[in-house]
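> sequence-free structure coming up:
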């Protein structure tokens, strides 16, 4: 379990993390989301003692990270996958870490096979691809068979097979009653992996809830409806809080009514519906709605981008 209480970090006059309080529970995968600069990495670094909090406190399994006699057996962390002596082999690196905690070499061999590093275990880490470096970082995190896993962008650089492997690994670890805390920018992957979400923006927690609650919390019921009587149906559904969008001659997008209400009104008017499909909000849409006012670094898109490009071309 990870417990943060009023956790705060200042860098000079910049407050990177602003009094956050949360608990990461065992037995589930908790996703940690937020825009760039929101405080995710700083929070993770404070959890494992790489940064000292300016105020507040954070513990792992009931103690501060520095108070654990054998931290690798308590907490496995992937924060900087490339923080490895480049001239060492993967096996040598893992054995050196294992020796600090009296972890047997048999466990080193186990995590090498588990993470798919067998074919490159004797090669120098300096020649590793980004994906292989990520696998080595995960192997380090798993080395002590810890009760808590903290993984910062674990699928970065991995191919589709590797992404699936990380997803299954995280869920398997959680199923064994372990605490799994993962940050990622891949919303589609987080939607498939996480049970619970903590969302941070500008250093403050803006959501802390099960993933279904985050997705559904701001979701207006929306359905796609097909009928040969589109005009009649739109008249039947028209109301102050209902938004109707004509997609084509037979298709209407209805926002503000659920499927049962739409079907009931259609039945009252004897309007035949031949398709009625609820449209569920995606995690990406929910995330964008939550963080729309919390983005520190905003890109220009659409018309703004076109205008910028046109302006540059005109100056040439």
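Thanks, I have the structure now. Just so it is clear, the model here is predicted, and its values are computed rather than measured.
> Next, count neighbours for residue 153.
17 (other C-beta atoms under 10 Å). Using the backbone N, CA and C atoms, a C-beta is placed for each residue, glycine as well.
> should've said residue 268
Counted with other C-beta under 10 Å, the neighbours of residue 268 add up to 9.
> Leaving out the residues flanking it, which one is nearest to it?
residue 236 (7.2 Å; C-beta to C-beta, 6 or more residues apart in numbering).
> and residue 157, how many neighbours?
With neighbours defined by other C-beta under 10 Å, the count for residue 157 comes to 16.
> follow-up on the earlier one: kindly provide the distance from the residue nearest to residue 268 to residue 245.
16 Å (C-beta to C-beta, to the nearest Å).
> More neighbours: those two, which one.
Shown here are residue 236 and residue 245; by other C-beta under 10 Å, residue 236 has more neighbours (17 against 12).
> who touches the residue positioned nearest the centre of the chain in this structure?
The chain has residue 184 as the residue nearest its centroid, 3.8 Å off, counting by C-alpha atoms, centre = their mean. Contacts here follow C-beta atoms under 8 Å, 6 or more residues apart in numbering; on that basis residue 184 touches 31, 33, 153, 154, 155, 190, 193.
> now it: how far from residue 170?
10 Å.
> Give me the common contacts of the two.
Both residue 184 and residue 170 are in contact with 154, 193, where contact means C-beta under 8 Å, 6+ apart.
> Let me see the ranges of the strands in the stretch 1-150 of the chain.
2-11, 14-24, 28-33, 55-60, 75-78, 148-152 (DSSP state E, counting those that start in this stretch).
> Let me know the next secondary structure element after the helix or strand hosting the residue nearest to residue 268.
Assigned by DSSP states H and E, residue 236 belongs to helix 230-237. Following helix 230-237 in sequence order, the next helix or strand is strand 243-246 (DSSP H and E).
> who's in contact with that next one?
Against strand 243-246 from outside (C-beta under 8 Å, 6+ apart): 230, 234, 237, 238, 252, 253, 254, 255, 256.
> Residue 133 touches residue 125, doesn't it?
Yes: with contact defined as C-beta atoms under 8 Å, residue 133 counts as touching residue 125 (7.3 Å).
> pretty sure the residue nearest to residue 268 contacts residue 263?
No: contact criterion C-beta under 8 Å: residue 236 and residue 263 do not qualify, at 11.1 Å.
> Low-confidence ranges, this structure, go.
81-82, 217-219, 294-316 (pLDDT under 70).
> just the helices in it please.
Taking DSSP state H, the helices of the chain run over residues 40-47, 71-74, 90-99, 105-114, 130-142, 160-175, 187-193, 211-217, 230-237, 259-268, 283-291, 303-315.
> got CSV for the ones you listed, with distance to residue 205 too?
What follows is the helices of the chain, written out as CSV (distance: least, C-beta to C-beta, whole Å):
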stretch, distance to residue 205
helix 40-47, 10
helix 71-74, 24
helix 90-99, 33
helix 105-114, 33
helix 130-142, 24
helix 160-175, 21
helix 187-193, 17
helix 211-217, 12
helix 230-237, 38
helix 259-268, 34
helix 283-291, 11
helix 303-315, 31
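> what's residue 259 in contact with, if anything?
221, 223, 276, 278.
> That one and residue 248, how far apart?
For residue 259 relative to residue 248 (C-beta to C-beta), the value is 20 Å.
> With residue 90 instead?
Counting by C-beta to C-beta, the gap from residue 90 to residue 248 is 56 Å.
> for residue 60, same thing?
Plainly put, residue 60 is 55 Å away from residue 248 if you go by C-beta to C-beta.
> give the contact list for the nearest residue to residue 6 once chain neighbours are set aside.
Nearest residue to residue 6 in three dimensions, chain neighbours excluded: residue 56, at 3.8 Å (C-beta to C-beta, 6+ apart). Taking C-beta under 8 Å, 6+ apart as the criterion, residue 56 is in contact with 4, 5, 6, 7, 8, 19, 20.
> Compute the number of surrounding residues for the second one.
This means residue 5. Residue 5 - counted by other C-beta under 10 Å - has 15 other residues nearby.
> bridging residues for it?
Under the criterion DSSP bridges, residue 5 forms beta bridges with residue 57.
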